[in-house]
Each structure stands twice: as C-alpha cells, then as structure tokens.
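J.: Sequence and predicted structure are below.
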Amino acid sequence: MKTHFSEIDPSDATQLRLPDPGIEGPLNENGDECPWPWDPIQLKGAPLGQYHCPYCGAMVIAGQDHIDYREDDASGGV
Ligand SMILES: [Zn+2]
C-alpha cells in the first residue's frame, strides 16, 4: 500500500525522489508524476499564490499540497 505524498513531511522527504514504489505522488497536467511534490507545501506563509512547480511544471499553490491533476476534478481537491 502506497503512502500519499501529503502524509510525508517535507523535512522527511529531502532524500526522496519520485516515482517511488512506496509513495503515491501527484501528476502534472501532462500526466507525469512530480519528482518532488513537497515544494509548494514548504512555502507556507510565502506571498506567492499560484506558481509553477520547479520539479514538474504543474501549476500549484504556495502553502498547499501539490495539486494532483490525476482526476478530472476542476476543484483541485482544495
Ligand atoms: Zn510538481
């Protein structure tokens, strides 16, 4: 059973790289798994808002879990 990336603390993920057999990561708009989806959640409190994930290029929101484009859910799961 895979651990969802949002359950892993960014400080525990510094050595990780996706895809990983034990971790379920988010997909970007192209359907590629993000190599390191902990960038946006690390930016809690930063006055950034939306930006492109430096790892996979997906549009994400600073301070929130990396958006998963796997589902056709326009709400983004927020
Ligand atoms: Zn990403």
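T.: Ah, there it is.
J.: going forward, measure contacts and count neighbours with C-alpha atoms only.
T.: Fine.
J.: The protein against the ion: which residues are in contact?
T.: C34, P37, C53, Y55, C56 (CA under 5 Å from the ion).
J.: wait, doesn't the last one sit right on E29?
T.: The reference is to C56. No - contact between C56 and E29 fails when scored by CA atoms under 8 Å: they sit 9.2 Å apart.
J.: E29: helix or strand, and which one exactly?
T.: Assigned by DSSP states H and E, E29 belongs to no helix or strand.
J.: what residues are up against it?
T.: A58, Y69 (CA atoms under 8 Å, 6 or more residues apart in numbering).
J.: What of Y51?
T.: M59, V60, I61, A62.
J.: Who does the first one form a beta bridge with?
T.: Put plainly, it is M59. Using DSSP bridges, the bridge partners assigned to M59 are H52.
J.: isn't it right next to H52, touching?
T.: Yes - the criterion here is CA under 8 Å, and M59 meets it with H52 at 4.6 Å.
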